[in-house]
Structure formats: structure tokens, C-alpha cells
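K.L.:
turn this into a structure:
(one chain, ligands or ions: 1)
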Amino acid sequence: MAATGSEEQGGRAYYVTTPIYYVNDAPHLGHAYTTVAGDVLTRWHRQRGEKVWYLTGTDEHGQKIMRTAEANGVTPQEWADKLVDEAWRPLWDHLNIKNDDFIRTTEKRHTDRVQEFVQDLFDKDEIYKGGYEGPYCVGCEEYKLPGELLDGEGEFADLKICAIHKTPVEILKEENYFFKLSEYGPKLLAHYEANPGFIQPESARNEVVNFVKQGLQDLSISRSTFDWGVPVPWDEKHVIYVWIDALLNYATAVGYNENPAKFEETFPADVHLVGKDILRFHAIIWPAMLLAQGLPLPGKIAANGWLMVGGEKMSKSNLTGIKPQDLTSHFGVDAYRWYFLRAISFGQDGSFSWEDFSARYTSELANDYGNLASRVAAMVGKYYGGTLPETTSGGVAEQAVRDGLAKAVTEADRKIGEELDFQGGILAIFDFVKQVNGYITEQEPWKVAKDTSPDGQAALATILYTAAEALRGVAVLLNPVMPETSQKLWDSLGADAALGALADQRIQDAGTWGLLPAGTTVTKGAVLFPRLEEKPA
Ligand code: MSP
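P.N.:
Okay, the predicted model is just below:
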């Protein structure tokens, strides 16, 4: 199990990966969902002061990409280059994804290492030559078992179709190389048993355990009927099966067989984030490959549910035409990053609706959070000319706010940082935002301001200081989720001059009361969540 990162920069990195995405098409909301989740998770750990490595990339070999390129009249490499440069990298930039590396499986740093890994397995007698005939889904890039198929209807009547892609499978007959996966069942089961957190959530873990208990078949790891892949080093008529090639990105990108120091401090991953459609590849095949090489296993395979449209997994064929950019241009990038993690319990399926997004934006972001920030800044401006006043220690009401912040920090840190319960962590922070709103409503500073006695003035100062200091904590806690908004708030509190850069504030300290000193310059600043325009037609 991988160690978590540590303060000292020489230590191990907290290493998180996304799936590497197929470049047959541009990214959609579903891909962005996993990538944003990983970004929030890794930003959270950076905010704790840990050394972090966040990896994403693209899966560029295999029949699916080859056919798409052919259909578009270009080579697979040209197609992949175009999609990566024009669609994938720009979307991640746009969504403020702070990945440390971007691996492409057509890069030499990857293909050379893949060949070495597979050659090594061959030399160790983990791979043998055999024949196979069976149904193959090009969408999944996977041989299917007969029991996993559905009967086609309509245009596909009398055909067997893939349960995920709803398209006919093809019967393939090939001479292939096989990895002795069947030998790893007992070792895998022992690992699942000894490491209950290895597969998350529980439902995913149960699915994998049941599948492995039924007995594993050896895995075909080469293809010989097409050539868009990494050649099998000892038999170049074959290319390495795209999933073996793809899974290895998690090792090749961090220096496997190339940079021992980097590999040592990074590998294995603490968390592989995957959609539940690709769980078995990550929870069965990948660990078996590592066991065969004597390499350590990852800490956790976390499966996220599907974003659904009309009861089906959102995919390029049923997208209803909504791109991530259509949402960010309306709601903004930060609200987009927040919404899916807030609205859907990680691990469960969830449906997206424009109406739900609008309603939550208005009530939770604009009314609860945005208004709190602007009210506090406006009152410090009005009553103190924008200089944060000195506070007294306050009373019971102030103590409740302090306790509320400490609780929000502890809960959010556990839920987001450890349990990958993004929804629970975000809710803990927003419950605190509500609490601070309630505090202001009860304290009625606009009335207290009319009391010009020393006591009245001290009370007013305490209320506004308490609210501003609470917002200091909120800015830090929400920085991993909504970095642009947190920066605006940080600027508006004048916190930078007193406390330094927002990125340098530690989660562990966020609940320490009284960090923001009196005397900072509080300004009204930019509106955090502007009123939404009409929904575009
Ligand atoms: N190339 C493989 C992964 C190889 S990893 C070694 C692949 N690529 S993919 O482009 O199909 O992307 C799959 C991933 O995108 C899913 O596992 C999931 O993380 C994300 N999603 C794609 N559609 C999704 C939804 N509708 N909902 C949620 N996530 C989805 O499989």
C-alpha cells in the first residue's frame, strides 16, 4: 500500500491517476467528471502541504481509434494528435485541471517501457501462445463472455450486443499470446480480503470479488489482425492488446525502468480513479500484472458512477448535445467543478439537469456563499472604511462559529481527503457557510451599528471580525474545489498581505481561530457568483 505524502519534499508523493481517455472523440461531461474529481482530490492534498503527483493522459492505440481515423481519412497518429491538441488538453486547461503530467500512449517514453514490461513477463513464463475465438466489443476493446451479452433488437435483431455500448459484438478468431491471469485469482482474493479499502465503493468491491471467485480465464494480450499498437517485441506480427498497453501508463509515466528515483517516490498510485465501466481492468488485470512482476499494488481503486442521460450512461451517442463548455460559459468554471461533486454522491450514478444546476447555483453558491462574502465586505467598508476591526473574545455565539469552523475542517478533510466523499465534504463546508449566515442574521450588525456606546462598537467589531475570519477558513477549504472564487475572496479579505498566498495555507491550520489579523484591507471585490443569464435557447 502506498504511503501518503509528507511535508518534507524528499518523501513519497501522493499519486493519483485518471483513466487515460480514448481519443476517438472529444471529451464530454462524463470524462470531465472523473478528471475534476481527481483534480479536487489532489489539490486538497497539496493544500495539506503534501507532495502530490496527478496524472492524466490519452489512450491512443487499438481498433477503435484506428477505425475512427480511417473513417476520417487520416492516419491514427494524425487523428490522435489533432484530438489531443484541439480538444483534450484545451479542456483540461479550461477547467483549471492542475495535472503534473499528461501521458500519451504513442509516446516513445511509454511504448519502449511497455515492450520491456511485456518481454519481461514472457521471459518469466507468464505469457504463452494460444488461440482464441470469441465475441469482441470494439467499443470496450474487450473479449466478452457469452453471459455478458444482450440480444439485439430492431436493426440489431438476431445479433448479440454489448451491454454497455448496445452495439453488436464481432466474432474474432486469432492466434494470440496469453497472460496466465487464471493463476492470480487466489492471490487477488487474499489481497481484497486483507485490504478492505482496496476497491471503493462497497458495491464495486463486491462485484469484483464475486467475479474473481467464479474463476478467471487467461487473458489474450496480443492482437494480430491489425497493426495500430505497440509491437510484441519477440513477434512483431502481433501488437500488444490495447488494455495492457494502456494500464501500463500508470508505471511508464512515473519512470518505470527509466528513472528509479522518480519511480520509487511515486509508484504505486495511492488512488486510481476509474469509471465503474472499467473497474475490472483496474481491480483484476492491473494488480495481476503487477503481482507477476513483483511490483507493489496501488492503494485504492475508486470507481465513480455514471453520469446518466435518459436512463443511459452518458456517451458520445446520447449526449443531448451538451458540452462541458456549454455549461461553463453559462455557470462559470468554478461552479461547474463544484456542481457534479456536490450534486452526485461519488460512486453512485447521477443524472444531470440544467434546472437542478441553476437552482443549486442560485441558492447555494449565489445566495448562501456569494451573498455572505459580499455582505461582510460591504459592512466592513461601510462601518470601518474597509479596515478589518479589532475583536474582543466574543461570547457564546462567537464560540459556536469557531466550533463550527473547526468541525467543518475536520469533516471536510476526512471526507474529501481520505474517503473521497466529495459531496459529504462540500456539504460540511456549506453547512458552515449557512451557520455564518445565520449568525449574522441573528446578530443584526446593522442594528448594533446604531449603538454608539463603547460596548456597542466592540460588539459590532466582533461580529464583523468573526464573519471575516470565518470566510478566511471557507476560502481555504473551498480552494481545491473552486480555486478562482477562493482567490477572489482571499483578495477581498486582504488576506494575502497578512497571511501570504492562498496556496500556502494549510488545511490543518484552516480551523485555527484568529489567523486573519485586524487591520487588513477588506474590499468589496468581484462578485463571486453573478446572477445567471437566461438559459440559452
Ligand atoms: N481508454 C480507456 C481507459 C484506459 S485506463 C488505463 C477508456 N477510455 S474512455 O475514454 O472510454 O474513458 C473512460 C472513463 O471516462 C470512464 O472510466 C470514466 O472515468 C469516464 N466516463 C466516461 N463516460 C462517463 C459517464 N457517462 N459518467 C461518468 N464517467 C464517465 O475506457
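
K.L.:
quick one, what contacts Asn479?
P.N.:
43, 47, 486-487, 502-503, 505 (Cβ atoms under 8 Å, 6 or more residues apart in numbering). In short, each C-beta sits where N, CA and C put it, glycine included.

K.L.:
the spatially closest residue to Val254 that is not a sequence neighbour - how many residues pack around it?
P.N.:
Spatial nearest neighbour of Val254, excluding adjacent residues (Cβ to Cβ, 6 or more residues apart in numbering): Thr266 at 4.1 Å. Neighbour count of Thr266, defined by other Cβ atoms under 10 Å: 26.

K.L.:
what separation do you get for Thr266 and the ligand?
P.N.:
Distance, Thr266 to the ligand, by Cβ to the nearest ligand atom, to the nearest Å: 17 Å.

K.L.:
wait, doesn't that residue sit right on Tyr15?
P.N.:
Yes: between Thr266 and Tyr15 there is a contact under Cβ atoms under 8 Å: 5.0 Å.

K.L.:
common neighbours of those two, please.
P.N.:
Listed as contacting both Thr266 and Tyr15 by Cβ under 8 Å, 6+ apart are 53, 254.

K.L.:
that older thread, read off the pLDDT value for the residue nearest to Val254.
P.N.:
Looking at Thr266, its pLDDT reads 98.

K.L.:
ditto for the one 4 residues further on
P.N.:
As summarised for this prediction, Asp270 has a pLDDT of 98.

K.L.:
residues of stretch 374-390 that come out buried?
P.N.:
Within stretch 374-390, the residues that count as buried by 16 or more other Cβ atoms under 10 Å are 374-377, 379-380, 383-384, 386, 388-389.

K.L.:
now swap in stretch 488-500 and tell me
P.N.:
Under 16+ other Cβ under 10 Å, the buried positions of stretch 488-500 are 488-495, 498-499.

K.L.:
for stretch 288-306, same thing?
P.N.:
288-292, 297-306.

K.L.:
how about stretch 167-174?
P.N.:
Result for stretch 167-174 [16+ other Cβ under 10 Å]: buried residues 167-169, 172, 174.

K.L.:
how about the residues of the stretch 251-400 of the chain by the ligand?
P.N.:
Residues of the stretch 251-400 of the chain found near the ligand (Cβ under 6 Å from any ligand atom) are 274-275, 277-278, 304, 306-307, 313-314.

K.L.:
setting aside sequence neighbours, what's the nearest residue to Trp306?
P.N.:
Lys313 (4.4 Å).

K.L.:
contacting residues for the one you found?
P.N.:
Per Cβ under 8 Å, 6+ apart, neighbours of Lys313: 30, 164, 277, 306-307.

K.L.:
nearest residue to the residue in the stretch 101-250 of the chain positioned nearest to the ligand other than its sequence neighbours?
P.N.:
The ligand sits closest to Ala246 of the stretch 101-250 of the chain, with a gap of 3.8 Å, by Cβ to the nearest ligand atom. Of all residues not flanking Ala246 in the chain, Asp59 sits nearest, at 4.6 Å (Cβ to Cβ, 6+ apart).

K.L.:
which residues does the one you found form a beta bridge with?
P.N.:
Partner residues in beta bridges with Asp59, using DSSP bridges, are Tyr22.

K.L.:
from the buried residues of stretch 488-500, which shows the smallest pLDDT?
P.N.:
Ala498 (94).

K.L.:
so which strand or helix has that one?
P.N.:
Ala498 belongs to helix 495-499 when elements are defined using DSSP states H and E.

K.L.:
give the next helix or strand downstream of that helix.
P.N.:
helix 507-510.

K.L.:
measure Glu236 to Asn249 for me?
P.N.:
Distance of Glu236 to Asn249, given as Cβ to Cβ, to the nearest Å: 22 Å.

K.L.:
show me what contacts the residue of the stretch 151-300 of the chain found nearest the ligand?
P.N.:
Going by Cβ to the nearest ligand atom, the ligand is nearest to Gly275 of the stretch 151-300 of the chain, at 2.5 Å. Applying Cβ under 8 Å, 6+ apart, one finds that Gly275 lies in contact with 19, 30, 34, 303-304, 306.

K.L.:
mind doing that once more with 6 Å?
P.N.:
The contact partners of Gly275, by Cβ atoms under 6 Å, 6 or more residues apart in numbering, come to Asn304.

K.L.:
how about the residues of the stretch 101-250 of the chain by the ligand?
P.N.:
Selection of the stretch 101-250 of the chain residues close to the ligand by Cβ under 6 Å from any ligand atom yields 246-247.

K.L.:
mind listing the helices for the stretch 101-250 of the chain?
P.N.:
In the stretch 101-250 of the chain, the helices defined using DSSP state H, counting those that start in this stretch lie at 108-123, 185-194, 202-213, 242-247, 249-252.

K.L.:
pretty sure Ala373 contacts Leu489?
P.N.:
Yes: between Ala373 and Leu489 there is a contact at 5.5 Å, judged by Cβ atoms under 6 Å.

K.L.:
rewinding a little: now find how far off-centre the helix holding Ala498 is within its chain.
P.N.:
On the basis of Cα atoms, centre = their mean, to the nearest Å, helix 495-499 sits 30 Å off its chain's mean C-alpha point.

K.L.:
show residues contacting that helix.
P.N.:
With Cβ under 6 Å, 6+ apart, helix 495-499 has contacts from 472, 517, 520.

K.L.:
again with stretch 200-212
P.N.:
With contacts defined as Cβ under 6 Å, 6+ apart, stretch 200-212 is touched by 185, 188-189, 192, 199, 279, 283, 300, 302-303, 347.

K.L.:
take the residues you listed and write them to TSV, including pLDDT.
P.N.:
Listed next are those as TSV, based on pLDDT from 0 to 100:
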residue	pLDDT
Gly185	98
Leu188	98
Leu189	98
Tyr192	98
Ile199	98
Leu279	98
Ala283	98
Lys300	98
Ala302	98
Ala303	98
Gly347	96
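
K.L.:
restricted to buried residues, select these in PyMOL.
P.N.:
To isolate the buried members of those in PyMOL, using 16+ other Cβ under 10 Å:
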select buried, resi 185+188+192+199+279+283+300+302+303+347
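
K.L.:
does the nearest residue in space to Leu279 that is not next to it in sequence sit in a helix or strand, and which one?
P.N.:
Counting by Cβ to Cβ, 6+ apart, Leu279 lies nearest to Ala303, which is 4.8 Å off, once chain neighbours are set aside. Using DSSP H and E, Ala303 falls within strand 300-304.

K.L.:
that strand: what's the following helix or strand?
P.N.:
strand 307-309.

K.L.:
which helices and strands sit right next to that next one?
P.N.:
Packing contacts for strand 307-309, counted by 3 or more Cβ pairs under 6 Å, 6 or more residues apart in numbering; DSSP states H and E, involve helix 29-47.

K.L.:
again, 7 Å this time
P.N.:
In terms of contacts (3 or more Cβ pairs under 7 Å, 6 or more residues apart in numbering; DSSP states H and E), strand 307-309 is packed against helix 29-47, strand 350-351.
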